[in-house]
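[1] Build me a model from this:
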Amino acid sequence: MLEDLRANSWSLRPCCMVMAYRIAHFCSVWRKKSVINNLWAAPIILLYRFVTECLFGYEIQAGATIGRRFTIHHGYAVVINKFVVAGDDFTIRHGVTIGNRSKSNDCPVIGNGVELGANVVIIGDITVGNNVVVGAGSVVLDNVPDNALVVGQKAQVKVIK
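    Okay, here's the model as predicted:
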């Protein structure tokens with residue numbers, strides 16, 4: 001956790017976001033180990049969801065697996081699905097959405113050293129390689145190789161009325 005605080009330059013809001021996520025993730029993992037753990041873990045997770053979604057306006061689900069040195073810049077409107085797996089040195093900015101495309105639980109697997117710009121959308125059963133930078137406003141729907149720079153939007157106008 002100390003690495004997370006250093007990675008976020010000890011800024012209050014990002015540090016609180018990451019620490020709250022780490023505590024909720026710990027509770028999420030431990031509550032699955034036995035029924036008795038639900039007595040103490042479930043209320044903490046409910047409090048986490050209330051505080052983060054209602055008061056701070058972001059949703060990093062406790063079940064998401066995020067590696068060391070998780071960095072958040074301006075974390076408003078961030079949504080990360082509980083089935084997402086991200087590696088170490090993961091950096092996000094505001095408006096980032098990472099999740100599944102439909103009712104399936106297939107979510108992205110993100111490598112180490114990945115940096116996401118503002119308003120990036122990464123959805124589906126894809127893999128984002130190591131040391132990837134995704135530019136602001138990009139929509140990523142396909143696999144991304146290691147050491148890549150990804151920019152642009154996938155949506156295209158097909159018909160103009």
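
[2] after the helix ranked longest in the chain comes which helix or strand?
    Scanning the chain for the helix with the most residues, using DSSP state H, yields helix 12-31. From helix 12-31 onward toward the C-terminus, using DSSP states H and E, the following helix or strand is helix 38-49.

[3] Tell me how far that following helix lies from the chain's centre.
    Distance of helix 38-49 from the chain centroid (C-alpha atoms, centre = their mean, to the nearest Å) equals 20 Å.

[4] Alpha carbons only: can I get that helix in PDB?
    Only the C-alpha atoms of helix 38-49 are listed here, as PDB (Å, rounded to 0.1, in the frame of the first residue of the first chain):
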ATOM      1  CA  ASN A  38     -19.200 -12.400   5.500                       C
ATOM      2  CA  LEU A  39     -20.200 -11.100   9.000                       C
ATOM      3  CA  TRP A  40     -17.400  -8.500   9.000                       C
ATOM      4  CA  ALA A  41     -16.500  -8.200   5.300                       C
ATOM      5  CA  ALA A  42     -19.900  -7.600   3.700                       C
ATOM      6  CA  PRO A  43     -20.700  -4.400   5.700                       C
ATOM      7  CA  ILE A  44     -17.300  -3.000   4.800                       C
ATOM      8  CA  ILE A  45     -17.900  -3.700   1.100                       C
ATOM      9  CA  LEU A  46     -21.300  -2.100   1.300                       C
ATOM     10  CA  LEU A  47     -19.900   1.000   3.000                       C
ATOM     11  CA  TYR A  48     -17.200   1.200   0.300                       C
ATOM     12  CA  ARG A  49     -19.700   1.100  -2.500                       C
END
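
[5] just the angle between it and helix 12-31, please?
    With axes from the mean of the first three to the mean of the last three C-alpha atoms, to 10 degrees defining the directions, helix 38-49 sits at 150 degrees from helix 12-31.

[6] for the record, mean pLDDT for helix 38-49?
    Per-residue pLDDT over helix 38-49 has a mean of 84.

[7] Which residues lie in contact with the residue nearest to the spatial centre of the chain in this structure?
    The chain has residue 80 as the residue nearest its centroid, 3.9 Å off, counting by C-alpha atoms, centre = their mean. Shown in contact with residue 80 (C-beta atoms under 8 Å, 6 or more residues apart in numbering): 59, 60, 61, 64, 66, 96, 97, 98, 99. C-beta here means a position set from N, CA and C on the backbone, and glycine is covered the same way.

[8] Check residue 146 too.
    Here residue 146 is in contact with 111, 129, 130, 131, 132 (criterion: C-beta under 8 Å, 6+ apart).
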